[in-house]
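1. next one to model:
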Amino acid sequence: MSDVLIISAAPSHAAPTGVVVEHVAEVLRAAGHRVSLLDVRSLPTLSLLTEDLRDPEIAQAVSSVLSADGVVVASPVYRAAYSGLVKALLDLLPKKALRGRAVLPLATGGSQGFLVAMDYALHPLLAAKGADQVVRGEFVLDQNVGSADSAAALDAAADRFCAQLTPRLRKVS
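-> Modelled structure (predicted):
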């Protein structure tokens with residue numbers, strides 16, 4: 001059993017990205033993993049944007065990423081770019097924070113043309129934070145969220161992610 005953190009930039013739980021996050025969380029829980037959700041929109045905006053690591057909620061968010069065995073990063077795509085909230089949070093992490101962790105990128109968007117955001121925007125951001133085990137993620141068109149096809153694609157992405165998860169060694173105090 002591994003500890004998985006899902007970083008969600010969904011504007012709401014009912015938004016397409018929120019629905020995708022809930023689906024993947026259920027699949028991961030059913031596979032026996034402990035899943036935590038970090039809604040980036042719930043973090044204090046000023047502290048997030050000013051990189052105030054002294055803010056307890058921001059410090060806890062960073063700590064959650066650093067202690068996870070695997071990280072799912074889910075974002076809506078707007079104008080071919082991931083959410084600025086995701087970027088703001090990931091910018092707070094140390095340079096190699098994602099090294100040695102399975103990372104699964106997920107995105108939703110209104111046009112198939114936004115698929116490029118996965119390869120040309122999100123992947124480089126994850127690589128800059130040391131992600132060396134990025135699992136092939138999934139982009140789901142907003143209008144397909146909840147369909148049998150999107151569920152099957154998300155299930156397959158979650159399975160690929162689970163195959164890469166390895167519990168990290170924890171220091172015993």
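
2. remind me which residues of this structure are low pLDDT?
-> In the predicted model, the chain carries pLDDT under 70 at residues 168-173.

3. helices of that one, residue ranges please.
-> Along the chain, counting by DSSP state H, helices occupy 16-30, 45-49, 56-67, 84-91, 116-117, 123-128, 148-164.

4. quick one: residue 33 from residue 68, how far?
-> Distance of residue 33 to residue 68, given as Cβ to Cβ, to the nearest Å: 10 Å. Where C-beta positions appear, they are placed from N, C-alpha and C, glycine not excepted.

5. identify the contacts common to these two.
-> Taking Cβ atoms under 8 Å, 6 or more residues apart in numbering as the contact rule, residue 33 and residue 68 both touch 3, 4.

6. which of these two has more residues huddled nearby?
-> Taking neighbours as other Cβ atoms under 10 Å, residue 33 and residue 68 compare with residue 68 leading, 25 against 20.

7. for the more buried one, give me its contacts.
-> 3, 4, 5, 36, 101.

8. now do the same contact list for the residue nearest to the spatial centre of the chain.
-> Ranked by distance to the mean C-alpha position of the chain (Cα atoms, centre = their mean), the top residue is residue 73 at 1.2 Å. Each residue near residue 73 by Cβ under 8 Å, 6+ apart is listed here: 7, 86, 90, 103, 104, 105, 106, 122, 126.

9. which residues does it bridge with?
-> Going by DSSP bridges, residue 73 is paired in beta bridges with residue 7, residue 105.

10. how close does it get to residue 143?
-> Taking Cβ to Cβ, one finds residue 73 at 22 Å from residue 143.

11. for residue 162, same thing?
-> Distance from residue 162 to residue 143, by Cβ to Cβ: 28 Å.

12. of the two, which one has the most company?
-> The neighbour count for residue 162 versus residue 143, taken as other Cβ under 10 Å, is higher for residue 162 (19 against 10).

13. that one reaches residue 31, doesn't it?
-> Yes: applying Cβ atoms under 8 Å, one finds residue 162 in contact with residue 31, separated by 5.1 Å.

14. circling back to that earlier point, among the contacts of residue 68, which ones are buried?
-> With burial judged by 16 or more other Cβ atoms under 10 Å, the buried subset of the contacts of residue 68 is 3, 4, 5, 101.
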